[in-house]
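Peer 1: can you look at this prediction? I've put the sequence above it.
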Amino acid sequence: MTYTSWYECVRGCGRRYSIYEIVYRCEDCGGLLDVEHDLDALRDRSPGEWKALFDRRTHTHEWPYGSGVWGKKEWVCPQVAPENVVSMYEGHSNLFWAERLGAEIGLPDLWIKLCGNSHTGSFKDLGMTVLISVVKQMIADGQPIRAVAAASTGDTSAALAAYAAAAGIPAVVLLPRGKVSLEQLIQPIANGATVLSLDTDFDGCMAIVQRLAENPEIYLANSMNSLRMEGQKTVGIEIVEQFGWEPPDWIIIPSGNLGNISALGKGLLMMKALGLIERLPRLVAAQTEHANPLYRSYLTGFKTFEPVRAKKTLASAIQIGNPVSYERAVKVLRAFNGIVEQVGEAELADASARADRTGLYACPHTGVALGALFKLLARGEVKPHERVVVISTAHGLKFSRFKVDYHRGELEGIAARYANPPLELPADYDAVLAAVAKLSSPAV
Ligand SMILES: *Cc1c(COP(=O)(O)O)cnc(C)c1O
Ligand SMILES: [Zn+2]
């Protein structure tokens, strides 16, 4: 059986394109394009056969199927030739049972999907492997692509630069100056990308890169390009797989440009369509108060949508006021009886630090998702007996400044309830002994 996929207009006008065409919006109606798959062809395997195949590949190193993304190649990007796949064996990240944090908040079945444990330290690797592989295939087929380019809040550019470098394809990244962490800034520099630091915000960078990509030799790698969503959608499939093919009750994800809440829904809907699951979890998109256009729209029942000017937030990867995938996200939230919640700066910072006290090392975006969970649990929306997965989207090590400033009590307007500053002592045994005598239990 040959499996296939194509781009199709999300507005339902029916227009289709090959995934090898350089097109980011429907030429008839301006709608975004989603990748669609030939589901009838995929029905040649029973749900049990798909599960067995995916499980088996999880434990192999047969190129490229050992990757969490490419282990599901038929569902992700069937056309690309294995020799053009650019993979760093992304996916298969730990689903961490947050036993102590769950016990503290009265939610014993709490799990954190540690997507930051990946090559470039964020879940953006899942999608970038697909996009760069398709570009490598297009170049192999003779298309004149000179570079791949993206605007980024820091993690997309890191993933783009690494995968492009591995493939030997030039990369151009546009970053909002002063709005990405030092770690995120140095990643694409180290990987040899052309790094353009612009005096604007993400939305400003996005407007410029879209114009750059009007030249077909510059291939656009932002999530407007739905190839990335095909890789990102495997996170939901993988969570269900890790629970022995049982969906949890809730999945909570921090959301900015809204490609990922959309992709999460897409993967789960595909599982349902192909009979691998019977019921869907409920989804929560978590935003920061400083960049909350989806939350505001949710309050109107998605009747209206107004882009906002995103304010500075510690959760810098989701500081986005005009999300590209708004239409996709609304469809998904409706299909999953979804909720949008928002949290403030102190809430996200304290939530990260509190999680860290129980053995995690949460990035600020994970703090947004955790903060939203704390609110939903307090409101009784999430019930204590339910199984909840929080998607941790990046590694805390990419946000050292955030952690340092928090523990120094130097985050403006934040009381830092869980700060744990080091004690500076003379090199004196009695002083050390006195400090150790005051040892408090880490359980706050
Ligand atoms: C990209 C990103 C998100 C949000 O994904 P969107 O598709 O922009 O909504 C959340 N957290 C981190 C760390 C990210 O890099
Ligand atoms: Zn259309």
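Peer 2: Perfect, I can see it now. Numbers count the residues shown, from 1 in each chain. Ligands and ions are numbered 1, 2, ... in the order given.

Peer 1: now the residue in the stretch 301-444 of the chain that ligand 2 sits nearest to, what's its secondary structure?
Peer 2: Nearest residue of the stretch 301-444 of the chain to ligand 2 (CB to the ion) works out as Glu327 at 11.6 Å. Glycine gets a C-beta too; all of them are placed from N, C-alpha and C. When classified by DSSP: H, G, I helix; E, B strand; the rest coil, Glu327 comes out as helix.

Peer 1: for it, grab the count of nearby residues.
Peer 2: Residues within reach of Glu327, counting by other CB atoms under 10 Å, total 17.

Peer 1: and the protein, which residues reach ligand 2?
Peer 2: Cys9, Arg11, Cys13, Arg15, Cys26, Asp28, Cys29, Gly31 (CB under 5 Å from the ion).

Peer 1: enumerate the residues of the protein near ligand 1.
Peer 2: By CB under 6 Å from any ligand atom, the residues of the chain that approach ligand 1 are 122, 124, 155, 223, 254-260, 317-318, 363, 365, 393-394.

Peer 1: which of these fall within strands?
Peer 2: Using DSSP state E, the members of the residues of the chain next to ligand 1 that fall within strands are Pro254.

Peer 1: now do the strands in the protein.
Peer 2: Per DSSP E, the chain carries strands over the ranges 5-9, 16-17, 33-37, 95-97, 110-114, 147-151, 171-176, 194-198, 218-220, 250-254, 282-288, 339-343, 388-392.

Peer 1: before we move on, back to that, list the contacts for the residue of the stretch 301-444 of the chain closest to ligand 2?
Peer 2: Val10, Arg11, Gly31, Leu32 (CB atoms under 8 Å, 6 or more residues apart in numbering).

Peer 1: kindly provide the distance from the closest residue to the second one other than its chain neighbours to Phe336.
Peer 2: Just to be clear, that refers to Arg11. Closest residue to Arg11 apart from its sequence neighbours, by CB to CB, 6 or more residues apart in numbering: Gly31 at 3.5 Å. Distance, Gly31 to Phe336, using CB to CB, to the nearest Å: 21 Å.

Peer 1: tell me which of the two has more neighbours.
Peer 2: Using other CB under 10 Å, the more surrounded residue of Gly31 and Phe336 is Phe336, with 20 against 17.

Peer 1: thought Val284 was touching that one, still the case?
Peer 2: No. The pair Phe336 / Val284 is not scored as a contact, 9.3 Å apart, by CB atoms under 8 Å.

Peer 1: follow-up on the earlier one: please name whichever of the strands of the chain is nearest to Val130.
Peer 2: Closest approach to Val130 among the strands of the chain is made by strand 33-37 (9.1 Å; CB to CB).

Peer 1: need the contact partners of that closest one.
Peer 2: Contacts for strand 33-37 (CB under 8 Å, 6+ apart): 3-10, 16-17, 19, 23-26, 75, 77-78, 226-227, 229-230, 266, 270, 328.

Peer 1: export the strands of the chain to a markdown table and tack on mean pLDDT?
Peer 2: Output for the strands of the chain, formatted as a markdown table (pLDDT from 0 to 100):
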| stretch | mean pLDDT |
| --- | --- |
| strand 5-9 | 96 |
| strand 16-17 | 96 |
| strand 33-37 | 96 |
| strand 95-97 | 98 |
| strand 110-114 | 98 |
| strand 147-151 | 97 |
| strand 171-176 | 96 |
| strand 194-198 | 97 |
| strand 218-220 | 97 |
| strand 250-254 | 98 |
| strand 282-288 | 98 |
| strand 339-343 | 98 |
| strand 388-392 | 98 |
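
Peer 1: out of the ones you listed, nearest to Ser46?
Peer 2: Here strand 33-37 is closest among those (CB to CB), at 16.9 Å.

Peer 1: quickly run through the sheet partners of that closest one, with directions.
Peer 2: strand 5-9 (antiparallel) (DSSP bridges).

Peer 1: skip the chain neighbours and tell me the closest residue to the residue of the stretch 51-200 of the chain found nearest ligand 1.
Peer 2: Nearest residue of the stretch 51-200 of the chain to ligand 1: Asp155, at 3.3 Å (CB to the nearest ligand atom). Leaving aside its chain neighbours, Asp155 sits nearest to Ser122 (3.9 Å; criterion: CB to CB, 6+ apart).

Peer 1: before we move on, what about Glu241?
Peer 2: Going by CB to CB, 6+ apart, Glu241 has Phe54 as its nearest residue, at 6.3 Å.

Peer 1: what is the burial count for the one you found?
Peer 2: Count around Phe54 with other CB under 10 Å applied: 21.

Peer 1: same question, Lys311
Peer 2: Per other CB under 10 Å, the neighbour tally for Lys311 reads 14.

Peer 1: okay, now Met88: neighbour count?
Peer 2: 16.

Peer 1: what does Asp428 give?
Peer 2: Using other CB under 10 Å, Asp428 has 9 other residues around it.

Peer 1: now swap in Tyr418 and tell me
Peer 2: Tyr418 has 17 nearby residues by other CB under 10 Å.

Peer 1: against ligand 1, how distant is it?
Peer 2: With distances taken as CB to the nearest ligand atom, to the nearest Å, Tyr418 is found 21 Å from ligand 1.

Peer 1: hmm, back to that, most neighbours among the contacts of Glu327, which one?
Peer 2: Using other CB under 10 Å as the neighbour test, these are led by Leu32, with 23 neighbours.

Peer 1: distance check, that one against Val235.
Peer 2: Using CB to CB, one gets 20 Å for the distance from Leu32 to Val235.

Peer 1: show me the contacts for Asp40.
Peer 2: By CB under 8 Å, 6+ apart, the contact set of Asp40 is empty.

Peer 1: now do it, the pLDDT please.
Peer 2: If you check Asp40, the pLDDT there is 97.

Peer 1: find the closest residue to ligand 2 in the stretch 151-300 of the chain.
Peer 2: Relative to ligand 2, the nearest point of the stretch 151-300 of the chain is Ser226 (13.4 Å; CB to the ion).
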